[in-house]
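Colleague: Take this sequence and fold it.
(chains A, B, C and D)
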Protein chains: 4
Amino acid sequence: MSQQLQERTQQDCTNPPAKFDDLRVLFLNCTLKRTPVLSHTEGLLKIAQSIFEANGVRTNIIRPVDYVITSGLEHDLSQTPEWDRDDWPQIQKEIDACDILIIGTSVWLGEKSSVCNHVLERMYGYTHQFNEKGQYRDYGKVGATLITGNEDGVKHCAMSILFGLSHIGYTVPPQADAGWMGEAGPGPSYMDPGSGGPENDFTNRNTTFLAWNCLHMARMLKDQGGIPAHGNVSEVWDAGCKSDFDSPEHKR
Amino acid sequence: MSQQLQERTQQDCTNPPAKFDDLRVLFLNCTLKRTPVLSHTEGLLKIAQSIFEANGVRTNIIRPVDYVITSGLEHDLSQTPEWDRDDWPQIQKEIDACDILIIGTSVWLGEKSSVCNHVLERMYGYTHQFNEKGQYRDYGKVGATLITGNEDGVKHCAMSILFGLSHIGYTVPPQADAGWMGEAGPGPSYMDPGSGGPENDFTNRNTTFLAWNCLHMARMLKDQGGIPAHGNVSEVWDAGCKSDFDSPEHKR
Amino acid sequence: MSQQLQERTQQDCTNPPAKFDDLRVLFLNCTLKRTPVLSHTEGLLKIAQSIFEANGVRTNIIRPVDYVITSGLEHDLSQTPEWDRDDWPQIQKEIDACDILIIGTSVWLGEKSSVCNHVLERMYGYTHQFNEKGQYRDYGKVGATLITGNEDGVKHCAMSILFGLSHIGYTVPPQADAGWMGEAGPGPSYMDPGSGGPENDFTNRNTTFLAWNCLHMARMLKDQGGIPAHGNVSEVWDAGCKSDFDSPEHKR
Amino acid sequence: MSQQLQERTQQDCTNPPAKFDDLRVLFLNCTLKRTPVLSHTEGLLKIAQSIFEANGVRTNIIRPVDYVITSGLEHDLSQTPEWDRDDWPQIQKEIDACDILIIGTSVWLGEKSSVCNHVLERMYGYTHQFNEKGQYRDYGKVGATLITGNEDGVKHCAMSILFGLSHIGYTVPPQADAGWMGEAGPGPSYMDPGSGGPENDFTNRNTTFLAWNCLHMARMLKDQGGIPAHGNVSEVWDAGCKSDFDSPEHKR
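Modeller: Numbering: from 1, shown residues only, chains lettered A, B, ... in the order given. Next up is the predicted model:
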């Protein structure tokens, strides 16, 4: 190891570039398994959690499958005649309070879990609301995803999850996906003895990079008061200000 | 319209929140059609281009299909015995010079164009290289996508393109996808007379938001010198600094 | 119209090529809306249903969202400590009884509904079971999908649904997807007055082709006693018969 | 092993249920590597090939990357002013001559190769043509896919490929996808010594099932003269015969 690299390594290991203790991260663990059943995905989430906590960030892991979440796009489906109960508003409150949202999921048939699909669908139901600047309500938050499967599909699930988050207003930092899966075929799951998952250097590195990139981006956004409200406010657009938009009729 | 909204609208329409004239945006128009054949996708790209140019940003639209791009992951395939010529390094140089990369594509069978797939594949071939801070080489850049089809698939193509960019180091700002397609079934393409595409208020609004969110994010990243190089440097990780990573063996 | 075409048209309109009245088709309408709320997707399913019924096929439309379906891969989750009730076994019984399964879904964020994801997940939970020939239990059935959205994503949802069905043993006939969506942006949903959906000739033609291709394929499979049980039986594979499989060690 | 199973195993290993020597299978190996560079995917294709050949089926493996294939939807782009040469018509001729088409691909960024995307795009360019019965030209053919990557994405690539084939008229038999990938992270590719790929029992079983299901389905379709031409002929639909389609206006 060169002396320069040695010094840099020591530097990086001991000196975070900023304070992060005003930030909050929410993990939505979209496992199919209710507490207290072992969730393999939670094992991976905890690696990221430990990085956040070492930097003073408040963290929370929720399993949506522990709640009664009903189907539909309304904010609170218990207010509709078809459903008696809807716990989603409690989860939405946690989402609203976080700076960084990390969605964890297992993989089935190459797809994210149905719980994960459900979570994104319910979040989508709130996207006609705006923040105090008039932007879509999730502007200013940072999103990422962590995925485990004992088989194939990490990148495919990540595509869908990160797109859903970005489309509704999240910022997606570099390398915002990480995951683990074993070789093709049946085999141990992430937390099973001998899986090799928790020791996988590639997964651990990517999970670390993901956590830090979320921190850097959330720091930057919080320090700037979020995304500037110019050129991205629906009410202002509807009022006729197109912010340098050049009507195509003039161009043809 | 309330007086408050009226004032805000006037304000937004005339006062950009920052200067952007040091930024460069590259559009890669992944149409299947060589210049000078009409590209419908280019019509949509030009709407975003006009917003960038109104703010002094230098822009460039390239059609990769105009070049001879060979298949493989090497940097310059003309150096391999299998290929005589490879224009990709010219395009990569343009990518390296930009702050914002916007990938345009048409949709076929619900998928991005093969040219678009090819472009992402070639970019992927450079991802073992690092920037001067030791991060993956595309860290600090902003990515987004604009898509047209006379049928279905905008969101699906966006998932794949934005994931590819994010995975190799791009930051994806809020609402980084926009597009246009007509009703199910055959019908006019975007630039065809009567398509309704260029006048579609939803598409125009989303394209405007996309352009501004790219500007805001690129401004923020450039002013900060990119993503801080802490917790995301491969060489440092390999040297043993895990940046608050807590080995899972200790936790179980 | 040529005389030949005229004759053929008359012929096709009046003479089905076989009897189909021993077949059963199940529609799983994966709408988010509980009965009796209007489901736009059901409007499209009914078009296919009318074709099946005109040919004497027994049909059934079920909305899984009307049931209490719990999360997990077990056959009956009410048998686990975490859940009190699980209606899935009732739906699985209907699936087991059908020859043709058609999955309907709406589109949210470019993805199939969470109910649809849930249905495929629960079906996947039964795939370690075998039919009386020792093949995966769903061999011999035919699968297809019908999709509506007031926006983009029909083909993407179809990819996922048809793959899920194929992967667990269904046969997918030609052109097994059809759907409707409007032009980019907000607008009427399929059953809304003036949507143009129910009159869309492209959608109606594709839905008709889909229904007939399901009938043809189901007829063929039923007449042949399903897929021949040779080279596709797990127990026989595990017992050492590789059915002309040539171990790659011999080849290298 | 029970005696019954033993007998069945012996039976299956020695007695194919039909003759298949009139069938032709085409493998399109969509590797990025030109002949004679080693293609890992080809290693997997050869396993399926040996099963077909043991049953007298004529087989052919083509690497499209060995040809000059241009971009666009026209049949022969060398006839357009923008391109000098287009080898695609040669490949299309091979496709037209086969009963079973198996598309092989490697995985990059979680996606099929750009060559694979290109192949499906060019095939799509022929879909306005009809077979002699007036059905879409690829009706009656059987499609499947085999995929290798040293990382994640087999099922995702399979979704896209099988959908593309089904949408243009192919029949997809049960379990028409198989593949191999290693554990998350860098590691040996399929044909590299010690990869474990060629010995992977799960991959070998799935590849065998895939080959046999293609054979069974192709046999069935050939013996029946393809998919019956009723309810799926565009010209007849356009002439006004809706084959039991019940106009939705009557139903509302």
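Colleague: Name the spans of the stretch 1-150 of chain A whose pLDDT lies under the cut-off.
Modeller: Where the stretch 1-150 of chain A drops to pLDDT under 70, the residues are A:1.
Colleague: now the strands: where do they sit in chain A?
Modeller: Under the criterion DSSP state E, chain A contains strands at A:24-29, A:58-62, A:100-108, A:111-112, A:142-148, A:177-180.
Colleague: so what strands line up beside the second one?
Modeller: Just to be clear, that refers to strand A:58-62. strand A:24-29 (parallel) (DSSP bridges).
Colleague: Enumerate the positions of the partner strand that are buried.
Modeller: Under the neighbour-count criterion of 16 or more other CB atoms under 10 Å in any protein chain shown, strand A:24-29 has A:24, A:25, A:26, A:27, A:28, A:29 buried. (Glycine included, C-beta is placed from N, CA and C.)
Colleague: which one of these sits closest to residue A:83?
Modeller: Among the buried residues of strand A:24-29, residue A:28 lies closest to residue A:83 (CB to CB), at 21.1 Å.
Colleague: partners of that closest one in the sheet?
Modeller: Bridge pairing for residue A:28 - DSSP bridges - gives residue A:62, residue A:103.
Colleague: surely it meets residue A:101?
Modeller: Yes: applying CB atoms under 8 Å, one finds residue A:28 in contact with residue A:101, separated by 7.0 Å.
Colleague: which residues do the two both contact?
Modeller: Shared contacts of residue A:28 and residue A:101 (CB atoms under 8 Å, 6 or more residues apart in numbering or on different chains): residue A:95.
Colleague: measure residue A:2 to chain C for me?
Modeller: Separation of residue A:2 from chain C (CB to the nearest CB, to the nearest Å): 42 Å.
Colleague: And for residue A:139?
Modeller: 17 Å.
Colleague: What about that residue, how many residues nearby?
Modeller: Neighbourhood size, residue A:139 [other CB atoms under 10 Å in any protein chain shown]: 25.
Colleague: Give me the most central residue, chain A.
Modeller: residue A:102 (2.8 Å; CA atoms, centre = their mean).
Colleague: which residues touch it?
Modeller: A:25, A:26, A:27, A:28, A:45, A:48, A:143, A:144, A:145, A:146, A:214.
Colleague: Just to check, the second one is in contact with residue A:96?
Modeller: No: between residue A:26 and residue A:96 there is no contact, the gap being 9.6 Å when judged by CB under 8 Å.
Colleague: can you give me the helices in chain A?
Modeller: Assigned by DSSP state H, the helices in chain A fall at A:3-14, A:40-54, A:88-97, A:114-124, A:154-167, A:201-223, A:234-238.
Colleague: so of those helices, which one's packed in deepest?
Modeller: Highest mean neighbour count among those (mean count of other CB atoms under 10 Å in any protein chain shown): helix A:154-167, with a mean of 27.
Colleague: Next, find the distance separating the closest residue to residue A:203 other than its chain neighbours from chain B.
Modeller: The shortest distance from residue A:203 to any non-neighbouring residue, by CB to CB, 6 or more residues apart in numbering or on different chains, is to residue A:180 (4.4 Å). Distance from residue A:180 to chain B, counting by CB to the nearest CB: 11 Å.
Colleague: For residue A:180, give its distance to chain C.
Modeller: Taking CB to the nearest CB, one finds residue A:180 at 19 Å from chain C.
Colleague: now residue A:46
Modeller: Counting by CB to the nearest CB, the gap from residue A:46 to chain C is 21 Å.
Colleague: Thanks a lot, catch you later.
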